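Peer 1: fold the following and give me the result.
(chains A and B)
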Number of protein chains: 2
Amino acid sequence: MTNEIHLTVHARDGAARLGALQTPRGDIRTPAFMPVGTAATVKAMRPEDVRATGADIVLSNTYHLMLAPGAERIAALGGLHRFMNWPWPILTDSGGFQVMSLAKLRKVSEKGVAFQSHIDGSRHELTPERSMAIQRLLGSDIQMQLDECVRLPCPPEEAERAMRLSLRWAERSKAAFGDQPGRAAFGIVQGGVEKDLRIESARALVAMDFHGYAIGGLAVGEPQADMLAMIDTVVPHLPDDKPRYLMGVGTPDDLLQALRRGVDMFDCVMPTRAGRHGMVFTRAGRLNLRNARFADDPRPIDPLSTSPMARDYSRAYWRHLVKAGEILAMMGLTEINLAYYQELMAGARKAIGEGRLDAYIEETRRGWAEGESGGG
Amino acid sequence: MTNEIHLTVHARDGAARLGALQTPRGDIRTPAFMPVGTAATVKAMRPEDVRATGADIVLSNTYHLMLAPGAERIAALGGLHRFMNWPWPILTDSGGFQVMSLAKLRKVSEKGVAFQSHIDGSRHELTPERSMAIQRLLGSDIQMQLDECVRLPCPPEEAERAMRLSLRWAERSKAAFGDQPGRAAFGIVQGGVEKDLRIESARALVAMDFHGYAIGGLAVGEPQADMLAMIDTVVPHLPDDKPRYLMGVGTPDDLLQALRRGVDMFDCVMPTRAGRHGMVFTRAGRLNLRNARFADDPRPIDPLSTSPMARDYSRAYWRHLVKAGEILAMMGLTEINLAYYQELMAGARKAIGEGRLDAYIEETRRGWAEGESGGG
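Peer 2: A predicted model of the protein is given here:
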């Protein structure tokens, strides 16, 4: 097991774990939030500034990179880390989710999924083998199996069909991953909102001995209660010594509720996308900087934030920039949100270490509720 | 003359001067390039990163700020420096140029100019007195007189009418500026491309004893030769101990040719606007990063640039970002261009100090010509 990506658990608090996922490119402190760098860039952020918010790892999208600029091109240029000037760990998804949500004329078969690019209509095919080949070309540290992600709500038989196909693709993905010292392959638990399907999926994947396990298919807008029920269902069937990754989730409260149930890793476009649209997450809840009530507000967004953007400018300034469509608004509010998500993770890690996670979550939720806007 | 903005000339080389414009907010090393921060932000740049490129001063636009968020609002929030988190010197224009180029239904009278906002059609009036009042509310360190800027080419009688109106507005602007310790008011030489008009304008303004003198009306795309001829015409009629500012110009070569003729200060949207559109200025000429020839180019934009963005990423990466419409492309290429403009100014200052400005200009132009693309 030398030179393999390895989870060390330092402390526990209920089902929650404080740990570190050790990789040759650096440790990933868990619970971890991974900013999304879709097209080899976390939108509106320089990599050193992403790092400064506290990110140990970013996620990048196989689907986007295979279309432009192309995996072979990135490989010839020295790999994705060098391409985007991010020397720390990178997780890549398999492309499956974006094919389902973005691509046109997609056709799923046993072999894989054929589709047309949402950019230029060009034809492509993604198979478990091709997805892993692309992720290997990119040089990704954590590579995800290709899966079929159904849109919820979904009939149980459809969830079952997609789950079983995803299991067969998982086997092929694991074989295609092969032996890549210092890199990891993760399987993805599917099964919609059916507990029995989720358990079957988890057990079958664990038998394949992946380096880590993701819970997929829960980011498409279903109620938080359903998502938490699926986490509660799946986690007991995942090995204790491997990382658990909840894909595409979520709000600050989603993250706290999920890590409390034993999830170690998260990614979500929410902080970056919201920032580009004038919304920030703070310890006092969400603020929509388009709101006229900020026009004359001299207060900073959050004087205690780790981001200078939240401390050194007035809300009135941000409102002006958002209204004027200025790029600095997208830059600054994205950074503030990424910093807040990382602060949440840091706070949760500290609380787990001190055995007071529930109190931390309560305090955090109270801060949101007592803030001007309510809601985390 | 205590507590007044004051030019100290350290060295000369022909008509060119190496100096410093001393202000309570810091020295402006001359020749100086002022990045344009139209709406209280240099587009796609954080203020600390503008500073890091070597900028001692930025320009901001009265027209834009009077429309949004409003001068009174900025004053109530502590002034423009605090609003945009730029504690160093700021020059504001009078709004006249933007009214002529952007506003709708404008009507020039002796009193001033009435117009409708290009944003929402709301009605406004800009008089010499109101322009100075706005600039005072903003807390601008260098305030410009309101002038009427004619579009070239233009009949001599039209240039003469506008120049004489601008002189009358100069008197009113000077009176409205009043006494603001530590701040400066600049007059603007007009007169189209008519030498006699330019000389008359310069002499009349000098008699009004401004803190500095701008040459206006030469940024609207006329041939470089006409522009240089006007500089050669005007400079001998301006006082030797006051700063000279060529408004809205220009390409790197324009700057070198103009400073060689005794101009001390420049502003231009070219480096920022070009950067947002995928074009960079380098010591090897201009590069259009949209070009397919960069798709596999592993070289940095310029390994000797002062900007990490020019050193730490491949041209292939920038081309990818530009094609994908990524915000980081605008951020990075803007910074690279601002850094190059500041490097040019630093090189010129050093060369003036060493009495070898002509050689420096020749070397610089040779670099552009021998570069891949040619042209500065």
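Peer 1: residues from the stretch 251-376 of chain A in reach of chain B?
Peer 2: Within the stretch 251-376 of chain A, the positions near chain B by Cβ under 8 Å from any Cβ of the partner chain are A:295-296, A:298, A:309, A:312-314, A:316-317, A:319-321, A:323-324, A:326-328, A:330-332. Just so you know, the C-beta spots here come from the backbone N, C-alpha and C atoms, and that holds for glycine as well.
Peer 1: and chain A, what are its domains?
Peer 2: A:6-268, A:275-370 (automatic domain parsing).
Peer 1: and these as JSON lines, adding distance to residue B:158, mean neighbour count and mean pLDDT?
Peer 2: JSON lines is the format used below for those (distance: least, Cβ to Cβ, whole Å; neighbours: other Cβ atoms under 10 Å in any protein chain shown; pLDDT from 0 to 100):
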{"stretch": "domain A:6-268", "distance to residue B:158": "45", "mean neighbour count": "20", "mean pLDDT": "96"}
{"stretch": "domain A:275-370", "distance to residue B:158": "34", "mean neighbour count": "20", "mean pLDDT": "98"}
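Peer 1: what residues does the stretch 51-200 of chain A put near chain B?
Peer 2: A:68, A:69, A:73, A:76, A:77, A:78, A:83, A:84, A:85.
Peer 1: related to what we said a few turns ago, the domains of chain A: which one's closest to residue B:229?
Peer 2: domain A:275-370 (37.7 Å; Cβ to Cβ).
Peer 1: could you tell me the end-to-end distance of that closest one?
Peer 2: Terminal residues of domain A:275-370 lie 22 Å apart, using Cα to Cα, to the nearest Å.
Peer 1: what's the closest non-adjacent residue to the closest residue to chain B within the stretch 101-250 of chain A?
Peer 2: Using Cβ to the nearest Cβ, the single residue of the stretch 101-250 of chain A nearest to chain B is residue A:119, 9.0 Å away. Distance criterion Cβ to Cβ, 6 or more residues apart in numbering or on different chains; nearest residue to residue A:119, sequence neighbours excluded, is residue A:67 at 5.9 Å.
Peer 1: which residues sit in contact with that neighbour?
Peer 2: Residues near residue A:67 by Cβ atoms under 8 Å, 6 or more residues apart in numbering or on different chains: A:117, A:119, A:122, A:124.
Peer 1: just residue A:203 next, same as before
Peer 2: Here residue A:203 is in contact with residue A:237 (Cβ under 8 Å, 6+ apart).
Peer 1: returning to what we had before: in JSON lines, list the domains of chain A along with distance to residue B:264.
Peer 2: Shown next, in JSON lines, are these (distance: least, Cβ to Cβ, whole Å):
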{"stretch": "domain A:6-268", "distance to residue B:264": "33"}
{"stretch": "domain A:275-370", "distance to residue B:264": "29"}
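Peer 1: where do the strands sit along the stretch 201-350 of chain A?
Peer 2: For the stretch 201-350 of chain A, the strands defined by DSSP state E, counting those that start in this stretch occupy A:212-215, A:244-246, A:265-267, A:279-282, A:285-288.
Peer 1: any idea which of the contacts of residue A:67 is closest to residue B:174?
Peer 2: residue A:119 (57.0 Å).
Peer 1: now the most centrally placed residue in chain A: how far from residue A:61?
Peer 2: By Cα atoms, centre = their mean, chain A has its centre lying nearest to residue A:267, at 1.2 Å. Separation of residue A:267 from residue A:61 (Cβ to Cβ, to the nearest Å) stands at 10 Å.
Peer 1: any common contacting residues for these two?
Peer 2: Common contacts of residue A:267 and residue A:61, defined by Cβ under 8 Å, 6+ apart, comprise residue A:36.
Peer 1: can you redo the strands of the stretch 201-350 of chain A as JSON lines with distance to residue B:180?
Peer 2: Compiled in JSON lines, the strands of the stretch 201-350 of chain A are given as follows (distance: least, Cβ to Cβ, whole Å):
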{"stretch": "strand A:212-215", "distance to residue B:180": "63"}
{"stretch": "strand A:244-246", "distance to residue B:180": "59"}
{"stretch": "strand A:265-267", "distance to residue B:180": "53"}
{"stretch": "strand A:279-282", "distance to residue B:180": "37"}
{"stretch": "strand A:285-288", "distance to residue B:180": "37"}
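Peer 1: among those strands, which comes closest to residue A:158?
Peer 2: strand A:212-215 (18.5 Å).
Peer 1: what helix or strand is residue A:17 located in?
Peer 2: strand A:16-23 (DSSP states H and E).
Peer 1: helices or strands next to that strand in the packing?
Peer 2: Counting contacts by 3 or more Cβ pairs under 8 Å, 6 or more residues apart in numbering or on different chains; DSSP states H and E, strand A:16-23 packs against strand A:6-13, strand A:26-30, helix A:327-353.
Peer 1: tell me the strands beside it, with direction?
Peer 2: Taking DSSP bridges as the criterion, strand A:16-23 sits next to strand A:6-13 (antiparallel), strand A:26-30 (antiparallel) in its sheet.
Peer 1: next, the angle from it to helix A:327-353.
Peer 2: Going by axes from the mean of the first three to the mean of the last three Cα atoms, to 10 degrees, strand A:16-23 is angled at 110 degrees with respect to helix A:327-353.
Peer 1: CA atoms of strand A:16-23 as PDB?
Peer 2: Provided in PDB are the C-alpha atoms of strand A:16-23 (Å, rounded to 0.1, in the frame of the first residue of the first chain):
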ATOM      1  CA  ALA A  16     -18.100  12.400  11.600                       C
ATOM      2  CA  ARG A  17     -14.400  12.000  11.000                       C
ATOM      3  CA  LEU A  18     -11.500  14.500  11.100                       C
ATOM      4  CA  GLY A  19      -8.700  13.300   8.900                       C
ATOM      5  CA  ALA A  20      -6.400  13.700   6.000                       C
ATOM      6  CA  LEU A  21      -6.200  12.100   2.700                       C
ATOM      7  CA  GLN A  22      -2.500  11.800   2.000                       C
ATOM      8  CA  THR A  23      -1.400  12.200  -1.600                       C
END
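Peer 1: contacts for whichever helix or strand residue A:131 is part of?
Peer 2: Using DSSP H and E, residue A:131 maps to helix A:128-138. With contact meaning Cβ under 8 Å, 6+ apart, helix A:128-138 is reached by A:60, A:62, A:65-66, A:71-72, A:74-75, A:79-80, A:90, A:92, A:94-96, A:112, A:143-146, A:169-170, A:172-173, A:176-177, A:180, A:185.
Peer 1: and the following helix or strand past that helix, what other elements does it pack with?
Peer 2: The element immediately downstream of helix A:128-138 (helix or strand, assigned by DSSP H and E) is strand A:142-144. Using 3+ Cβ pairs under 8 Å, 6+ apart as the contact criterion, the elements in contact with strand A:142-144 are strand A:90-92, helix A:128-138, strand A:184-189.
Peer 1: nearest to residue A:247, out of those?
Peer 2: Nearest to residue A:247, of all the helices and strands packed on strand A:142-144, is strand A:184-189, at 7.1 Å by Cβ to Cβ.
Peer 1: quick one, the closest one and strand A:16-23 angle?
Peer 2: Using the same axes, to 10 degrees, strand A:184-189 lies at 140 degrees relative to strand A:16-23.
Peer 1: residue A:214 reaches residue A:184, doesn't it?
Peer 2: No - if you go by Cβ atoms under 8 Å, residue A:214 and residue A:184 don't touch, sitting 11.3 Å apart.
Peer 1: contacts only, for the residue lying farthest from the centre of chain A.
Peer 2: Relative to the centre of chain A, the most outlying C-alpha is that of residue A:296, 35.8 Å out, by Cα atoms, centre = their mean. The contact partners of residue A:296, by Cβ under 8 Å, 6+ apart, come to A:316, B:73, B:76, B:77.
Peer 1: and residue B:106, which of the strands of the stretch 201-350 of chain A is closest to it?
Peer 2: Minimum separation from residue B:106 across the strands of the stretch 201-350 of chain A (Cβ to Cβ) falls at strand A:285-288, 35.3 Å.
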